[in-house]
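> Quick one, structure for this:
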Amino acid sequence: SKDDDTEDNETTEECDVDDSDCEEVANVAIQTEEVEYDWIKPELDVWYSGMLLNESVQFITADNKSDSMFTLRYYILSLPGEGRADKKQLNMRCENVDTNQWSYTIDDCTVNVWCRRFLHEVPHDELKHWIITKSSSRLKVVCNKVTVLHFHFSADCDSDKRGGKMIWSREANSAEFFCEVKNSILLRTIDN
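Reported below is the predicted structural model:
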């Protein structure tokens, strides 16, 4: 639809870091332990909050291994009178390094079982610049300028999970990032 096309164009314009910048940022960080402003090297098994919701969440991975897992948790605003935010997650995991196969789950939209739903055509590059955007109609995941997931809440939820559309279509007021990767990852934040 026209609205989705507009959102896609805006998402592309919002990303002010191109792949060559990401490669340079990642290589410097991996080789020297120095990280540029507004990028951090996340620690294993730590939740990182403060993601910019008016922009896409961005992270860079290298040395991807099978079972490498990343989670983006959104705090979705409640309906008037509910007084709480719903915590909903997008989870992605590398299933096979050789074939570069990644599976994903989305709370209340898909079954929370690995290897049921897969990202499409994830680039085989060692360095991967991931950009994740949530709108009221969809979740979009881009890896090295390739759209690997364009999940529409109204059309793509599992048949028994249609209620997820009602939650995910609401605005989020914050997001957190979590990784189960021992090294070689950078996360873009507001500031440190």
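
> since we're on residue 39, how many residues are nearby?
20 (other CB atoms under 10 Å). The C-beta positions use only the backbone N, C-alpha and C, and glycine is treated the same way.

> repeat for residue 111
By other CB under 10 Å, neighbour count at residue 111 equals 12.

> Residue 114 versus residue 124, what's the distance?
Counting by CB to CB, to the nearest Å, the separation of residue 124 from residue 114 is 21 Å.

> Pick out whichever of the two has more residues nearby.
For residue 124 versus residue 114, neighbours defined as other CB under 10 Å are more numerous around residue 114 (15 against 12).

> wait, isn't that one in contact with residue 96?
No. With contact defined as CB atoms under 8 Å, residue 114 does not reach residue 96; the gap is 11.6 Å.

> For this structure, give me the ranges with low pLDDT.
1-38, 50-55, 63, 80-83, 181-184, 189-192 (pLDDT under 70).

> Which neighbours in the sheet does the longest strand anywhere in it have, and how are they oriented?
In the chain, taking DSSP state E as the definition, the longest strand is strand 86-96. Strand pairing for strand 86-96, determined by DSSP bridges: strand 69-76 (antiparallel), strand 101-106 (antiparallel).

> can I get those strands in TSV with mean neighbour count and distance to residue 173?
Shown next, in TSV, are these (neighbours: other CB atoms under 10 Å; distance: least, CB to CB, whole Å):
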stretch	mean neighbour count	distance to residue 173
strand 69-76	20	6
strand 101-106	20	19
